[in-house]
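Q: Structure, please.
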Amino acid sequence: MKRSEINRHIRETMDFCRKMKFLLPPFAYWSPQDWEKKGPECKEIVECQLGWDITDFGRDDFANYGLILFTIRNGTFAELKKENGKVYAEKLLITKEKQVTLTHFHFQKMEDIINRGGGELVIQLWNSTPDEQLADTDVTVSIDGTRVNVKAGDTITLKPGDSVCLPSRLYHKFWGREGKGTVLVGEVSRVNDDYVDNRFYEKAGRFPAIEEDEPPQHLLYEDYKRYFKYA
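A: Reported below is the predicted structural model:
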């Protein structure tokens, strides 16, 4: 992806969040120059992978295969082992119409996916087999506290205000429903680590190769190590 593309997507996401009256934390707006002035008091942002994240899943076709994410809060795998560790995470996901997030599951993360507003989110579901293939068994999920059964590969649709709980190792694929607009998706989960906890069914690249055709206006969390001396 080009850096100019990433800059534009972040600006558009900020505008969309303002339109939806969803307020982002201050570090969402920090520039690279702001980061260069920050001290060790900001290490938690880096260590917990907080902030902007954009992926095209290695397809170089962001309009059809891609996702914009912002991690608001998170712990670490080390925190999971502590008696009073931070074991939860919260993310914002921006999904456009027909823009697919590829089929994947998480090895340890259970998550609630919440339609915070905008369009409608379509989610396709499969159980996984012990060898990490797609099972042909019925899937059971909880949609706002109500147990729902669907056939393998069938979809559910979350309208604004709806949510679903997805357990670990449950394959899911999602996109914004055509004709309904961009979806503001919330995710509340166990600790998230995108470097090790994702299993994609199709071949996918989680973090994009970036063509630096212009300077970054806001950093992805993959950029922190270049601008924050305590990373």
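Q: how many other residues sit next to I210?
A: By the criterion of other C-beta atoms under 10 Å, I210 has 16 neighbours. (Each C-beta comes from the backbone N, C-alpha and C, glycine too.)
Q: Isn't it up against R3?
A: Yes - counting by C-beta atoms under 8 Å, I210 touches R3, with 5.7 Å between them.
Q: how much space between E36 and I45?
A: To I45, E36 is 14 Å away according to C-beta to C-beta, to the nearest Å.
Q: More neighbours: which of these two?
A: For E36 versus I45, the count of surrounding residues by other C-beta under 10 Å is larger for I45: 21 against 12.
Q: the strands in the protein, which residues?
A: Along the chain, the stretches classed as strands by DSSP state E are 51-55, 67-73, 88-95, 101-106, 111-118, 121-127, 139-143, 146-150, 155-158, 163-166, 170-176, 183-190, 198-200.
Q: just checking, what packs against the last one?
A: To tie it back to what came earlier, the one meant is strand 198-200. strand 101-106 (3 or more C-beta pairs under 8 Å, 6 or more residues apart in numbering; DSSP states H and E).
Q: starting at the chain centroid, how far to the strand it packs on?
A: With C-alpha atoms, centre = their mean, to the nearest Å as the basis, strand 101-106 stands 11 Å off its chain's centre.
Q: which helices and strands sit right next to that strand?
A: Other elements packing on strand 101-106 under the criterion 3+ C-beta pairs under 8 Å, 6+ apart are strand 170-176, strand 198-200.
Q: Tell me the pLDDT of the residue most central in space within the chain.
A: Residue closest to the average C-alpha location in the chain (C-alpha atoms, centre = their mean): L69, at 4.5 Å. The model reports L69 with a pLDDT of 98.
Q: Enumerate every residue touching the residue nearest to it when sequence neighbours are not counted.
A: Ranked by C-beta to C-beta, 6 or more residues apart in numbering and with sequence neighbours excluded, the top spatial neighbour of L69 is D53, at 4.2 Å. Residues near D53 by C-beta atoms under 8 Å, 6 or more residues apart in numbering: I68, L69, F70, T71, D194, L220, Y221, E222.
Q: Repeat the analysis, applying 7 Å as the threshold.
A: L69, T71, L220, Y221 (C-beta atoms under 7 Å, 6 or more residues apart in numbering).
Q: Going by distance to P25, which of the residues you listed wins?
A: Comparing the contacts of D53 against P25 with C-beta to C-beta picks out T71 as the nearest, at 10.2 Å.
Q: Longest helix in the chain, please.
A: The residue-count maximum for a helix in the chain (DSSP state H) belongs to helix 3-19.
Q: quick one: buried residues of it?
A: R3, E5, I6, N7, H9, I10, T13, M14, F16, C17 (16 or more other C-beta atoms under 10 Å).
Q: ok, residues contacting it?
A: Under C-beta under 7 Å, 6+ apart, the answer for helix 3-19 is 24, 52, 54, 68, 94, 182, 210-214, 216-218.
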